[in-house]
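>>> okay, here's the prediction I keep looking at, along with the sequence it came from:
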Amino acid sequence: MLAASLPAPTGGVLVASPDALFRRHIVNTLHSDRWPVEEALGGADALGKLERGNCHLLLLDRRLPDLDADELAHMIESRFPGIEVVVLDPDTGRPSLRTTASAAMSPLLRALEKAERDPGATRPAGAIPPFVEAAPTPAVEPLDGMIGNAPAMQRLYRMARLIAPRTTTVLLVGATGTGKELVARAIHQLSPRATRPWVVVNCAAIPEPLLESELFGHVRGAFTGAVQSHIGRIHAAQGGTLFLDEVGELPLGMQAKILRFLEQKEVQRLGSQDVFRVDVRVIAATNADLARRVSERQFREDLYYRLIAFPLQLPTLAERITDIVPLAEHFVAECARSAGVSSPVLSADAIGLLENYSWPGNVRELQYIMERAVILAEGSPILQPEHLAFTGACERRIPSCPGENCVRKN
């Protein structure tokens, strides 16, 4: 372990690798009060962690599961100029990945020690600079069908556009009503597969006895009632994108079959011995904590790691306060247009309620509330607090809040 008498760190180390043993070696070698070490499963995970905290040194396994390591290193060097990036190649002919990692880190750690001892000194070539805040990033255009420019949404837009051209499996994680299907469809439309099929499967909505047939298809006579052959939805997505919504609700038996499809890119219809190769990009979505379900043996660990190659976290509406009014105005205008009436405007008191409500139902709840508000306004040119009917649990009331309307902030 390196000397503990040096000054406290201004940043730590982040190691990004799909190899848990490699990450653990880095953590065990470096972790101390001086150099806190964080782990990332891939490139997307690393980018998210870099945006949330300080880091002096990023170690990238060249075999990232989602992004090209060299492209990612170049992106990080431009976006985060104060971070030293090292790409570690396990295929260099050296005895082991552990040896490669140790050899690559030594000169960088010596430079980091020097920078911490005398942060005002001129930095020698190859040394790690003190942490520098990332330069402002130009705003990213919202994904098709989405509204809002809150920081969390800007991160989402950047990551979605980054992954869209690739075939990497994407896992969208977010609460109900945050727009997971909108993001999935936008990724498909931004990809080279945009003109090919877009197939949606709600894993929670199809009864378990029918799910295998729906996904993989069946031949005539495969089971009682199978009077004709049926192509499954996976096969129907050939060349395009398959969206597995509520993937956390897949029965355990079906999880094994989905895992085999993801690994082999093959499907076999019920009642047939024929195996078909398919070219299908998979985007999955869940509002469940899959890691917890894995620990509870309700979800296969191997499938979890196949799906989480590129995770995207969707923020709740309460985490993007600045987007609430633009979204509300959009929904009001849509509702008014469909009803053939003039679009009312929001009063200051109504805006105050919207921005302070807890939004347990997220964007979907906002849409329904604004639709009801336009109806309840009965042609009034201004939407007032009495036109808003909230459903969440109260944390605090404000004087202009009628009935059981609830707010989030004090």
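Yes, it's here. Only a predicted model underlies this, so the values are computations on that prediction, with no experimental measurement involved.
>>> so what's the closest residue to residue 161 other than its chain neighbours up against?
Take residue 161 and drop its neighbours on the chain: the residue closest to it by C-beta to C-beta, 6 or more residues apart in numbering is residue 190, 6.3 Å away. C-beta coordinates here come from the backbone N, C-alpha and C atoms, glycine included. With contacts defined as C-beta atoms under 8 Å, 6 or more residues apart in numbering, residue 190 is in contact with 143, 160, 161, 164, 165.
>>> pLDDT score for residue 130?
Residue 130 is assigned a pLDDT of 37 by the prediction.
>>> buried residues in the helix or strand hosting residue 46?
Assessed by DSSP states H and E, residue 46 sits inside helix 43-52. Buried residues in helix 43-52, counted by 16 or more other C-beta atoms under 10 Å: 43, 44, 45, 46, 47, 49, 50, 51.
>>> of those, just say which sits nearest to residue 181.
For the buried residues of helix 43-52, the minimum distance to residue 181 (C-beta to C-beta) is 19.5 Å, reached by residue 44.
>>> contacts only, for the residue lying closest to that closest one once chain neighbours are set aside.
Distance criterion C-beta to C-beta, 6+ apart; nearest residue to residue 44, sequence neighbours excluded, is residue 310 at 4.8 Å. Under the criterion of C-beta under 8 Å, 6+ apart, the contact list for residue 310 reads 42, 43, 44, 65, 66, 67, 163, 168, 169, 170, 171.
>>> from these, which land in strands?
Secondary structure from DSSP state E places 170, 171 of the contacts of residue 310 in strands.
>>> low-confidence regions, the chain specifically.
Along the chain, the parts satisfying pLDDT under 70 run over 1-11, 30-35, 52-53, 90-138, 221, 227, 392-410.
>>> centroid residue for it?
residue 312 (0.7 Å; C-alpha atoms, centre = their mean).
>>> surely that residue is within a strand?
Yes: with DSSP: H, G, I helix; E, B strand; the rest coil as the criterion, residue 312 is assigned to a strand.
>>> who is it paired with across the strands?
Taking DSSP bridges as the rule, residue 312 bridges to residue 172.
>>> thought it was touching residue 156?
Yes: with contacts defined as C-beta atoms under 8 Å, residue 312 counts as touching residue 156 at a distance of 6.4 Å.
>>> overlap in contacts of these two?
Counting by C-beta under 8 Å, 6+ apart, the common neighbours of residue 312 and residue 156 are residue 183.
>>> how far out from the middle of the chain is the helix or strand just after the helix holding residue 46?
The element immediately downstream of helix 43-52 (helix or strand, assigned by DSSP H and E) is strand 55-61. Using C-alpha atoms, centre = their mean, to the nearest Å, the distance from the centre of strand 55-61 to the centre of the chain it belongs to is 21 Å.
>>> list the helices and strands strand 55-61 packs on?
Strand 55-61 makes packing contacts with strand 12-16, helix 43-52, helix 69-79, strand 84-88, helix 97-117 when contacts are defined by 3 or more C-beta pairs under 8 Å, 6 or more residues apart in numbering; DSSP states H and E.
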